[in-house]
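Student: Structure of the sequence below:
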Amino acid sequence: MSDQFVFTTTHEIFFSNREPVPIKEIVESLLGIERIVKMCPKALHAITGVPIDHAEVIVEQLESGSLLEKLGIRLVFRNEDELERFVEWVRENVVRKPGVGQVVLIGAVVAALVGLGMHFLAAPAGGNTTTITATNNVIMTIGAGETSLSPEQFKSVVEAAVSSRKELASATALVLKPARLDPEASLRFDGNDALQISPEAIKATPAMLEVEPDETSERLLDVDLQIRATNLDHPTRGWAALIPGRVDRRVRMELDDGVSPRDVAGRFQVRADVTVHYKRPPSGKKYVPAIIQVHRVIHDE
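Tutor: You can find the predicted model right below:
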């Protein structure tokens, strides 16, 4: 069983709220932390060279007033050899806080992912990311200090561990919920003032992700439409075209009800009024052409 091969460290997340935090915000914050911790194995693998099967979070202690979340992070390995290699790497390379069971590197990776998520929240909204960037630079420097990497390399490793910016941003929004209840609250990891997110950085971070639509469209008049496939039996299936300079690869084409298939079939190129419909892949930021909708074929007089 892979669950036998586990490396566990204890970590603290402290919110300096002046008033007790409601249970709802505590629960949502913990759920956000769990989602972020599950992203850590990929970064830790890149740093240590040891593959990690997955990560788990256990709540060890909660203290109200100013909120203290004491968590156990369990790194689960596939076999004993990989566990031993990781333990040896930690023993030789990483600071461990005396008497607490903390590995500074792991806390720094979690903090770096939260900081990166804050940037992903702020950037789409056009927010001022200066304070967030300054905070992230400090965290990246601390994390890099636990490895042989430069701060820039450490940042690249953390960014590469993120398979979905949307997922990290939404998880980070949950993590920060308790701090939003107090305009002077900060967030500190593992009792380390250098691994701290200031009230100013939290205020600069939107409370939720501003999601761009997954689809958009563009109306184009009197364009050159190159026909690459036709289907006289159906106006919306089996057709394909491109628009030089606009849509340079073959995509699906659909004809409006008022457009006769015979106006297009058998012709390599026509002039037409069209709408290009774009979709954004889940893993990408750029929209790509998906459908060319033909409204009118322009005939020479």
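
Student: what's the neighbour count on Thr147?
Tutor: For Thr147, the count of nearby residues is 17 (other Cβ atoms under 10 Å). From N, CA and C alone the C-beta is placed, and that goes for glycine too.

Student: which residues touch it?
Tutor: Contact analysis of Thr147 by Cβ atoms under 8 Å, 6 or more residues apart in numbering lists Ile47, Asn93, Leu105, Phe154.

Student: where's it relative to Glu92, distance?
Tutor: Thr147 is 12 Å from Glu92, where distance means Cβ to Cβ, to the nearest Å.

Student: where does the protein have low pLDDT?
Tutor: Applying pLDDT under 70 to the chain flags the ranges 1-3, 96-101, 210-213, 235-236, 282-285, 301.

Student: any idea which strand is longest in it?
Tutor: strand 215-229 (DSSP state E).

Student: what comes up buried for that strand?
Tutor: Leu220, Val223, Leu225, Ile227 (16 or more other Cβ atoms under 10 Å).

Student: I'd like to know which elements it is packed against.
Tutor: Secondary-structure packing of strand 215-229 (3 or more Cβ pairs under 8 Å, 6 or more residues apart in numbering; DSSP states H and E): strand 240-243, strand 247-255, strand 269-279, strand 288-298.

Student: Dump it to CSV, keeping only the CA atoms.
Tutor: Provided in CSV are the C-alpha atoms of strand 215-229 (Å, rounded to 0.1, in the frame of the first residue of the first chain):
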residue,chain,number,x,y,z
GLU,A,215,-16.3,32.0,-26.4
THR,A,216,-16.2,35.2,-28.4
SER,A,217,-17.1,36.2,-32.0
GLU,A,218,-16.1,38.7,-34.7
ARG,A,219,-18.2,39.9,-37.6
LEU,A,220,-16.3,40.4,-40.9
LEU,A,221,-17.8,41.9,-44.0
ASP,A,222,-16.7,41.2,-47.6
VAL,A,223,-13.8,38.9,-46.9
ASP,A,224,-12.1,36.3,-49.1
LEU,A,225,-13.4,32.9,-48.0
GLN,A,226,-11.5,29.9,-49.2
ILE,A,227,-13.6,26.7,-49.3
ARG,A,228,-11.8,23.5,-48.3
ALA,A,229,-14.7,21.0,-47.9
